[in-house]
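**Student:** Pasted the sequence and its predicted model underneath.
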Amino acid sequence: MFVRALLAFLALPGIVAIAVPLGWLWASHHTEVLQPLGMVPLVGGLLALLWCVRDFYVSGKGTLAPWAPPDHLVVVGLYRYTRNPMYVAVTLVLLGWAVSFGLPGLFVYAIAVAVAFHLRVVLGEEPWLARKYAEEWESYTSRVPRWFW
């Protein structure tokens with residue numbers, strides 16, 4: 001199960017939050033950090049993402065991958081504050097890349113990814129979770145906001 005969780009992490013948020021920005025930096029021949037403060041959301045987002053992956057594995061008994069989802073609704077850790085901490089974390093990482101390296105294209109990419117996450121949550125994940133977890137999901141959504149508001 002741990003290998004599956006690791007592969008899911010590398011395949012999903014790893015591509016969106018790490019591989020694409022690194023490819024962008026490589027293609028633009030941009031290697032100088034212009035704003036070190038951007039490293040705060042970048043590193044914070046990566047740590048939050050790893051925490052969420054751990055909670056999926058330990059508490060949920062599954063992975064973040066759609067092909068191996070958790071057996072249990074994950075409501076611990078950062079999931080006590082937002083129903084979508086992984087998406088928030090990936091967005092923070094992307095914004096951190098954009099600020100750190102001063103690349104407007106990465107900022108636009110971060111916003112586009114955040115919009116895509118929102119649509120995925122509203123149109124796909126939440127209806128599926130409501131069917132799968134029924135009353136537990138309803139109770140959870142009454143206590144915890146989708147994002148932070």
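**Tutor:** Right, received. Where do you want to start?

**Student:** Count the residues that sit near the nearest residue to Asp55 once chain neighbours are set aside.
**Tutor:** Take Asp55 and drop its neighbours on the chain: the residue closest to it by C-beta to C-beta, 6 or more residues apart in numbering is Gly77, 4.4 Å away. Every C-beta, even on glycine, is put in place using the N, C-alpha and C of the backbone. Counted with other C-beta atoms under 10 Å, the neighbours of Gly77 add up to 16.

**Student:** got a list of what Gly77 touches?
**Tutor:** Contacts for Gly77 (C-beta atoms under 8 Å, 6 or more residues apart in numbering) come out as 51-52, 54-55, 59, 85.

**Student:** Wait, Val43 touches Gly96, no?
**Tutor:** Yes: assessed by C-beta atoms under 8 Å, Val43 is found in contact with Gly96 at 7.3 Å.

**Student:** for the residue in the chain sticking out farthest from the centre, phi and psi?
**Tutor:** Computed with C-alpha atoms, centre = their mean, the residue of the chain farthest from its C-alpha average is His29, at 26.7 Å. Main-chain dihedrals, His29, degrees, to the nearest 10: phi 60, psi 30.

**Student:** coming back round to it: need the max-distance pair from the contacts of Gly77.
**Tutor:** Spatial extent of these (C-beta to C-beta) is set by the pair Ser59 and Pro85 at 12.8 Å.

**Student:** Please say which of those two ends up with more neighbours.
**Tutor:** When neighbours are counted by other C-beta under 10 Å, Ser59 and Pro85 differ, and Pro85 comes out ahead with 23 against 17.
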